[in-house]
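> Need coordinates for the following:
(chains A, B, C, D, E and F, ligands or ions: 3)
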Amino acid sequence: MTDLLIEFLSNTGFALADYRHIIMILVGIIIIYLGIAKQYEPLLLVPIGFGMLIGNIPVFKDFGLGIYESGSFLNYIYYGVTHDIYPPLIFLGIGALTDFSTMLARPVLMLLGAAAQMGIFITFLGALAIGFPPNEAASIGIIGGADGPTAIFLTVMLAPRLIGPIAVAAYSYMALVPVIQPPIMKLLTTRKERLIKMEDPREVSKTEKIIFPIVGFLLCCFLAPAALPLLGMLFFGNLLKECVVVERLAKTARTSLIDIVTILLGVTVGASTQADVFLTPQSVGIFALGAFAFAIATASGVIFAKIMNLFMRKKINPLIGAAGVSAVPNSARVVQMVGQKEDPTNFLLMHAMAPNISGVIGSAIAAGILWSFMSH
Amino acid sequence: MTDLLIEFLSNTGFALADYRHIIMILVGIIIIYLGIAKQYEPLLLVPIGFGMLIGNIPVFKDFGLGIYESGSFLNYIYYGVTHDIYPPLIFLGIGALTDFSTMLARPVLMLLGAAAQMGIFITFLGALAIGFPPNEAASIGIIGGADGPTAIFLTVMLAPRLIGPIAVAAYSYMALVPVIQPPIMKLLTTRKERLIKMEDPREVSKTEKIIFPIVGFLLCCFLAPAALPLLGMLFFGNLLKECVVVERLAKTARTSLIDIVTILLGVTVGASTQADVFLTPQSVGIFALGAFAFAIATASGVIFAKIMNLFMRKKINPLIGAAGVSAVPNSARVVQMVGQKEDPTNFLLMHAMAPNISGVIGSAIAAGILWSFMSH
Amino acid sequence: MTDLLIEFLSNTGFALADYRHIIMILVGIIIIYLGIAKQYEPLLLVPIGFGMLIGNIPVFKDFGLGIYESGSFLNYIYYGVTHDIYPPLIFLGIGALTDFSTMLARPVLMLLGAAAQMGIFITFLGALAIGFPPNEAASIGIIGGADGPTAIFLTVMLAPRLIGPIAVAAYSYMALVPVIQPPIMKLLTTRKERLIKMEDPREVSKTEKIIFPIVGFLLCCFLAPAALPLLGMLFFGNLLKECVVVERLAKTARTSLIDIVTILLGVTVGASTQADVFLTPQSVGIFALGAFAFAIATASGVIFAKIMNLFMRKKINPLIGAAGVSAVPNSARVVQMVGQKEDPTNFLLMHAMAPNISGVIGSAIAAGILWSFMSH
Amino acid sequence: MFGFEAIIAHDGLGISVIGISVVFVSLILLAFAVSQIHKIIALWDKRHRFKKPRQKKDQKAAPVQDPTVPQDIQRASRQFKLLIEWIGEPFPLPKLLYLSEKCGLYRPHSTINELLKCELIIPDGNGYYVWNKEAEEKRSST
Amino acid sequence: MFGFEAIIAHDGLGISVIGISVVFVSLILLAFAVSQIHKIIALWDKRHRFKKPRQKKDQKAAPVQDPTVPQDIQRASRQFKLLIEWIGEPFPLPKLLYLSEKCGLYRPHSTINELLKCELIIPDGNGYYVWNKEAEEKRSST
Amino acid sequence: MFGFEAIIAHDGLGISVIGISVVFVSLILLAFAVSQIHKIIALWDKRHRFKKPRQKKDQKAAPVQDPTVPQDIQRASRQFKLLIEWIGEPFPLPKLLYLSEKCGLYRPHSTINELLKCELIIPDGNGYYVWNKEAEEKRSST
Ligand code: NA
Ligand code: NA
Ligand code: NA
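Ligands and ions are numbered 1, 2, ... in the order given. Below you'll find the predicted structure:
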């Protein structure tokens, strides 16, 4: 019985833990704290944070518990991440949630959603320069797209062993948008620019909203077929939403379905940060490059908005360029916040939604392009 | 860089598209239009139509995008179609949605649900005569059952390569019931017959409704065990609904669960119509035979109702025979519409539900029988 | 055609049925009856009962219908049972449903949840003594945990061929708690003890409720890492519930998600009782040992409560010890019922929830320990 | 192979005739069974009424399981009606259960079941439930 | 390999330039397409109005499909308004459909669609629908 | 093998004793931890109150993050109360969030969180939320 007891004790977490588990558990607790107390993207941070706790309970290998051991429960639900099933389903739900009206009312703002994707490609070059192979560099670059599902989607295709750090980096920075973006936005704009008020967008008819997902889908996917799974589901979800007659499907897509997938994706992405796989110098590099990507993306959006103002009669508030990074609707809210700080009567949220949503389309296209270049 | 650009351009949809993609995309748009503007079974046509767009974006093979390439997102969610997982789940939801009261109140009307299955077997003979092998002929015949999940279920078992055309044919004709059935119904009935009013069905007690799914399940599945997956789930869903004490399960079965499966099934069935697989002379034959099957089924139901009238004291309105084809509740609505055109005070909907629902049971049994004959 | 007819008839259930199918179908009907008319855990008994009907329709082997034939629909949805995917998901939903307040208010009552797990280990010894090998003995013992998902979880790991009888025994006895427990509770307590009133628990703050799942998870899983999948999901679900900011995820976890899994788990566990696999002397032994386990567990809880009273100033009502078996919230209700019979003004429900919920944690830990001892 | 020849070669006629026959036989049997269910239920209920006097005695002999059972459904229904008014209609069944438990109503599960059986609470056909005022009036007038 | 050398070796610049260009081209094309949609719709609607007189004739010539069509949306809206008041707002669309069918209202699917089109029924942005009192007043005043 | 012999052979006693011990140890530790949580929280809150004066200074020194913060929760609560009355109770939290954003209320996320913390908005135990009139009255009376 003493043997049994010793054996049992040597299998407990207390015996197996080393400093790395403790670090990761603390990180998990901090992420949960940020999600709950600071309310930075709680729908993502709470599951990811708890997933980190789950993934970093020290367990014996070959016991069928760890997320990387085939046959474990975590491994089964991680399947949807490693086989790129969850990201398109999340996009389906986002499509069924999102109102494209403001974008349809002022399509010129979509250019801001394109501009912010500069962050992706510049970071890609940076990662190459640091010595990452091109497939990994592309996956790191996509963090600059500020879109978790897109980042996971591309990383699974190009550099599956980096899913953990890239996904966590993407989601963390998406959550930290209210921390990262404001200083950059203020640095690059004058007070006068931040005070610009934009006129209300025109009303968009129901028919326009129904036709848009069809036209948008065909156009984008003819140009970048590799974005098909993401954009197909995004526009499909939006058609379900807008066409009214299948409201029950749209409702399920934007509630039960996206919630279930969010839970499973969040907890497994969190659990994939198992200390021995995650705590590497590479991860540090990825987090640094991710922050760089976010900064570049924000700056690109803002600067491009200022450039557009050189040519446009009705000036746009360059702050909304920062919303081009995606991180829907977090970064649009940040724009609203920064704008209101200068002038509490200035409501930029609505205007910021246009670049915000087109940023999602833009980074999905960018992911498609990178994938098609890397996959041979 | 020029090389890269040329390579990229040669991978876009614009470079890869041929006339067949364009045809299929137009068909998809028409189907979406019918679903939204004409409201023909929008819950099916909108997903199928958009699925056709998704499936017919021209993409390079071996890129992991097409629905027939293993590893693609579409292929993963198509799994539920090709492995007959979705159809029984849809039946579970239908069971939890359907009120069998009118059928229980007047069981004799169930014969009409049997009669309309003639369409299946006559079309089966027709398809054999045209030269289809027996397994494919059976799958084509089942289109006459006017029941999408049943058609998919049998086709997966017997002729998996025909899933695309048969599923699309089955769902299209189910949607087009308001176009196909009325002329046949009018041709085969006199105005006097169409004016027959039926008396209200008796009240059905809760206990009866609870016992029915158990008795119905045991009886049907002892006779045709191969209908087990479909009828098992149909009656199970109905028991959940009727027994009150598990209302929360029934509610989920008839909302989230059936909605999720409907979305996934619809979009993949649509996408399975990839031009090179779908645009064949065979598909044309299948669509022609499918229309034939629907017509025969409708006619059989109506004529059998007239025959029953020869023997019954309380005459039944032969229009309700047309509802025996299934296509719940669309064809019951068509009966109501045609009846009301003659006499706006005549409410046939309730009466038509009895053959309508028994038609579902009937075609599931027919599918079981065909499967058991073909599977050796 | 006569050949065909004979062949068809020989494939019907009427030709294939033997007495064992009839027995199991009758058992299924009785279980459905208990669920509906007596309302013993209807959410479990109705699906399991109907599953028994589905699993015991006599079908030809190799036809792809039976739950044990790979490729059948039942086999696909049974996958979640045989690969231990459903139990943790159910625990996720339970976590999102359960309010741990009363347990947090009076943590000393958690000892009762530990005491009742004696049933597991004593039954384990009993099963060993009767001649079961240790892995099967452990799986049988876990029935005493009074927790269906935990029982399935462990059995899949240790003795997969016993899933059917063990799962059905566990769920049946959980449902029969109002029949099994009261006599034991009365036998072991005096009327005076049953009349003890307990004071209202203190208010528990929101922060406590949020911190608890994190602390609880880390502590339990460091001590018994093998309980990770179950407890990880239980505490994760509870965090989702308590932290408010992700209410939509918690709501989906405790409605759609748990409902879908309950339906699929119930019907497949029921169907796994296919007569030829289920009707064995072993199953009889398992049912007998299961009843024994429940009785011991109940008795242990009650007796331990009496022992605690020897040391505590504020006496606890020993009836609530019986709720330590889990079977949430059924056995807590039984405590309430038995208590109210003595004194209609005594509300024990709230107090009984503390041992009840800690019993769930306790048996998950016990399962983890047994698994870690058996798995080498 | 085409035409009638193909049909014969693949036993098409046999399959079709047996097929449609089995469909008919199944649905005829089912129709017959269904038509018998409510007769059997009626018989069962009669037997029940017949047995009642004896059962009452048994109940007295057996250990009294539920000493505080409300003497009639009327009394329980009043409490529940108040609760339902407070929740608002239509209401989900679990919510009523949950609240009635919280309010300490007596045996909410079985009482609600009783109310469902005598149709004082009825489904609104949409997954929710409503209080059936008509049935209540009928009851109180009788 | 590091630095500029690594970028060149892996054709990084080419990929980046083409990449960002395609993103821009896609979104510019999309923006252009979007800006045309409502013009095309406007044109289509005009053509429609232009054709209307002729269509009316056609309609008369064609077999009268729906003899009991309510002459104006006003009439249908009254019935539906009553129904909605009874259900309570906000209501799920399927519930309205279901009840309107049960109440025997005329062609509920298409009528509800009409009501949605002229925005007498509007989504509350939360998956449910409400009756648009403003639109109704506007209508009745014109 | 049967009986005691089988138990010994498979180390049954050892497993059982260790097993039940670990269950007890786990739950005792958990009970202890749980009993400490609210003490630690209380301590933390005290420290907080202790530190407050110093923190206020810090806040002034730091760049003013939110110039338009409502001076007290009272003011925010009035706006939200109106909104909730308009939505009707019980309401889903996301709906309130969505509408408050639409209405341009100030920082709806954190304000709602404040309202939840001081229990002006409370869950109805059913996934929905209600406005807590009692807490409001208590607040306004103090
Ligand atoms: Na982006
Ligand atoms: Na049919
Ligand atoms: Na337990």
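
> what's the neighbour count on the residue of the stretch 101-250 of chain A found nearest chain B?
Per Cβ to the nearest Cβ, the residue of the stretch 101-250 of chain A with the smallest distance to chain B is A:Phe222, at 3.3 Å. The way it works is simple: take the backbone N, C-alpha and C, and place the C-beta from them, glycine included. Using other Cβ atoms under 10 Å in any protein chain shown, A:Phe222 has 20 other residues around it.

> Contact partners for the residue lying closest to it once chain neighbours are set aside?
Distances taken as Cβ to Cβ, 6 or more residues apart in numbering or on different chains put B:Gly13 closest to A:Phe222, at 3.3 Å, once the chain neighbours are dropped. Contacts for B:Gly13 (Cβ atoms under 8 Å, 6 or more residues apart in numbering or on different chains) come out as A:Cys221, A:Phe222, A:Leu223, A:Pro225, B:His21, B:Ile57, B:Pro58, B:Val59.

> thought A:Gln117 was touching A:Ala297?
Yes: using Cβ atoms under 8 Å, A:Gln117 is in contact with A:Ala297, at 7.2 Å.

> so what sits against both of these two?
Listed contacts common to A:Gln117 and A:Ala297 are A:Gly144, A:Gly145, A:Gly324; contacts here mean Cβ under 8 Å, 6+ apart.

> Return the subset of those residues lying in helices.
Members of these lying in helices (criterion: DSSP state H): none.

> which one of those residues has the most neighbours?
Of those, with other Cβ under 10 Å as the count, A:Gly324 tops at 39 neighbours.

> Can you verify my assumption that that one contacts A:Ala297?
Yes: with contact defined as Cβ under 8 Å, A:Gly324 and A:Ala297 form a contacting pair (7.4 Å).

> can you list residues touching both of those two?
A:Ala116, A:Gln117.

> thinking again about what came up before, the residue nearest to A:Phe222 and ligand 3: what is the separation?
58 Å (Cβ to the ion, to the nearest Å).

> So which residues of the stretch 151-300 of chain A form strands?
Using DSSP state E, counting those that start in this stretch, no strands are found in the stretch 151-300 of chain A.

> need the contact list for whichever residue of it sits closest to ligand 3.
Ligand 3 sits closest to A:Val267 of the stretch 151-300 of chain A, with a gap of 24.5 Å, by Cβ to the ion. Shown in contact with A:Val267 (Cβ under 8 Å, 6+ apart): A:Pro47, A:Ile48, A:Phe50, A:Gly51, A:Ile54, A:Ile77, C:Phe236.

> Spatially, which residue comes closest to the second one, not counting chain neighbours?
To tie it back to what came earlier, the one meant is A:Ile48. Closest residue in space to A:Ile48, ignoring its immediate chain neighbours: A:Gly270 at 4.0 Å, by Cβ to Cβ, 6+ apart.

> anything in the longest helix seen in chain D near chain B?
Determined from DSSP H, the single longest helix within chain D is helix D:12-61. Yes: Helix D:12-61 lies within reach of chain B by Cβ under 8 Å from any Cβ of the partner chain, at D:12-13, D:15-16, D:18-20, D:22-35, D:37-38, D:41.

> distance of A:Ala137 from chain C?
Applying Cβ to the nearest Cβ, to the nearest Å, the value for A:Ala137 to chain C is 34 Å.

> That residue and A:Gly131 touch, don't they?
No: counting by Cβ under 8 Å, A:Ala137 stays clear of A:Gly131, with 9.1 Å between them.

> which of these two has more neighbours?
Higher neighbour count among A:Ala137 and A:Gly131: A:Ala137, with 29 against 13, using other Cβ under 10 Å.

> tell me the secondary structure for A:Met350?
The three-state label given to A:Met350 by DSSP: H, G, I helix; E, B strand; the rest coil is helix.

> Report the contact partners of the closest residue to ligand 2 within chain D.
Closest approach between chain D and ligand 2, counting by Cβ to the ion: D:Val23, at 9.6 Å. Residues in contact with D:Val23 (Cβ under 8 Å, 6+ apart) are B:Ala114, B:Gln117, B:Gly362, B:Ile365, B:Ala366, B:Ile369.

> looking at those, which has the most residues close by?
B:Gln117 (36 neighbours).

> Least confident of the shared contacts of A:Gln117 and A:Ala297?
Least confident entry in the shared contacts of A:Gln117 and A:Ala297, by pLDDT: A:Gly145, with 88.

> separation between that residue and B:Ala332?
Distance, A:Gly145 to B:Ala332, using Cβ to Cβ, to the nearest Å: 50 Å.

> and what of A:Val177?
In this view, A:Val177 and B:Ala332 are 53 Å apart by Cβ to Cβ.

> Confirm for me that the residue of the stretch 101-250 of chain A closest to chain B is in contact with B:Ile57.
Yes: taking Cβ under 8 Å as the definition, A:Phe222 is a contact partner of B:Ile57 at 6.7 Å.

> what residues does stretch A:89-102 touch?
Identification of contacts with stretch A:89-102 by Cβ under 8 Å, 6+ apart yields A:80, A:109, A:148-149, A:201, A:204, A:209, A:212-213, A:230-231, A:233-241, A:250-251, A:253-254, A:257-258, A:261-262, A:265, A:328, A:350-351, A:353-354, A:357, A:360, A:364, B:263.

> buried residues in that stretch?
A:89-98, A:100-102 (16 or more other Cβ atoms under 10 Å in any protein chain shown).

> quick one: that stretch near ligand 1?
No: applying Cβ under 5 Å from the ion, one finds stretch A:89-102 separated from ligand 1 by no less than 12.4 Å.

> mind exporting that stretch as PDB, just the C-alpha atoms?
Written as PDB, here are the backbone C-alpha positions of stretch A:89-102 (Å, rounded to 0.1, in the frame of the first residue of the first chain):
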ATOM      1  CA  LEU A  89     -18.500  28.300 -38.400                       C
ATOM      2  CA  ILE A  90     -17.600  31.400 -36.400                       C
ATOM      3  CA  PHE A  91     -17.700  33.400 -39.500                       C
ATOM      4  CA  LEU A  92     -21.100  32.000 -40.300                       C
ATOM      5  CA  GLY A  93     -22.300  33.300 -36.900                       C
ATOM      6  CA  ILE A  94     -20.600  36.700 -37.400                       C
ATOM      7  CA  GLY A  95     -22.200  37.000 -40.800                       C
ATOM      8  CA  ALA A  96     -25.600  36.300 -39.200                       C
ATOM      9  CA  LEU A  97     -24.800  38.900 -36.500                       C
ATOM     10  CA  THR A  98     -23.400  41.700 -38.600                       C
ATOM     11  CA  ASP A  99     -25.300  44.600 -40.200                       C
ATOM     12  CA  PHE A 100     -23.400  45.800 -43.200                       C
ATOM     13  CA  SER A 101     -25.600  48.900 -43.600                       C
ATOM     14  CA  THR A 102     -23.000  51.500 -42.900                       C
END
